[in-house]
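A.B. asks: show me how the following folds:
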Amino acid sequence: AELGSMEALTYLFLASNTFNRGPIPESFYQLTNLKELSLKETTRVGSIPTWISDLSDLILLDLGMNEFDGSIPASFDDLENLYFLLLNHNRLSGTVPNTLQRLPFLRVLLLDDNNLDGLGKGHFDFCENLPHLGKSGSILTADCGGSDPQLICSCCTECCGNGVLCNDGSDFLANQDFVWDRSYKRTRFEFDDN
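C.D. replies: From the prediction side, this is the model:
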């Protein structure tokens, strides 16, 4: 059976698999009960499909380390349960949509190693209106460091830039381990290797 036909599926972790290069399978739009979707480093290309916003139960969306291009969908504000949004290490461009400010639970936003040129209409407004990001216990990374920062981010917890390794092997990563299958403590539940 195709994954898209498994409508009761709630957790889908396909990270670090070398599938045939291509977009996110269109059939995934049927997985409306998903709470966590990790397609990190799975050779996904193209634009991030707007139908992902219809997966309104998502708590975690990890699309990092792929080759997504285009902009971050403004419709992501429909993901009202989202805590973790990992879009780092792609080819995304444009301005980070102000609509991300409407995500009431968002605590982790990784945007580094993309071609993003700004945060919302005015970066100060963007940072001031975030319910949790930029505050204690949150993580926001972007390309706001180095000698030629792509954007200004007063609320980032780590500024990356100019091809410098960022949140992948640095001290930051040691303290913020996003390896989902090893004693990852989730906001609503926990599991470990035992």
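
A.B. asks: use CA for all of it now, contacts and neighbours both
C.D. replies: Noted.

A.B. asks: can you list the low-confidence ranges for the chain?
C.D. replies: 1, 120-125, 162-165, 167-194 (pLDDT under 70).

A.B. asks: recalculate using a threshold of 50.
C.D. replies: Applying pLDDT under 50 to the chain flags the ranges 169-174, 177-191.

A.B. asks: do a quick rundown of the helices in it.
C.D. replies: For the chain, applying DSSP state H gives helices covering 123-128, 171-175.

A.B. asks: can you give me the first-to-last residue distance of stretch 71-78?
C.D. replies: The straight-line separation of the ends of stretch 71-78 (C-alpha to C-alpha, to the nearest Å) is 16 Å.

A.B. asks: stretch 3-11 now?
C.D. replies: 12 Å.

A.B. asks: give the bridge partners for the residue nearest the centre of the chain, please.
C.D. replies: Taking C-alpha atoms, centre = their mean, the centroid of the chain lies closest to residue 86, which sits 1.8 Å from it. Going by DSSP bridges, residue 86 is paired in beta bridges with residue 62, residue 110.

A.B. asks: which ones are touching it?
C.D. replies: If you count contacts by C-alpha atoms under 8 Å, 6 or more residues apart in numbering, residue 86 has them with 61-64, 108-111.

A.B. asks: could these go into a markdown table alongside distance to residue 81?
C.D. replies: Conversion of the contacts of residue 86 to a markdown table gives the following (distance: C-alpha to C-alpha, whole Å):
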| residue | distance to residue 81 |
| --- | --- |
| 61 | 11 |
| 62 | 14 |
| 63 | 17 |
| 64 | 19 |
| 108 | 13 |
| 109 | 14 |
| 110 | 17 |
| 111 | 19 |
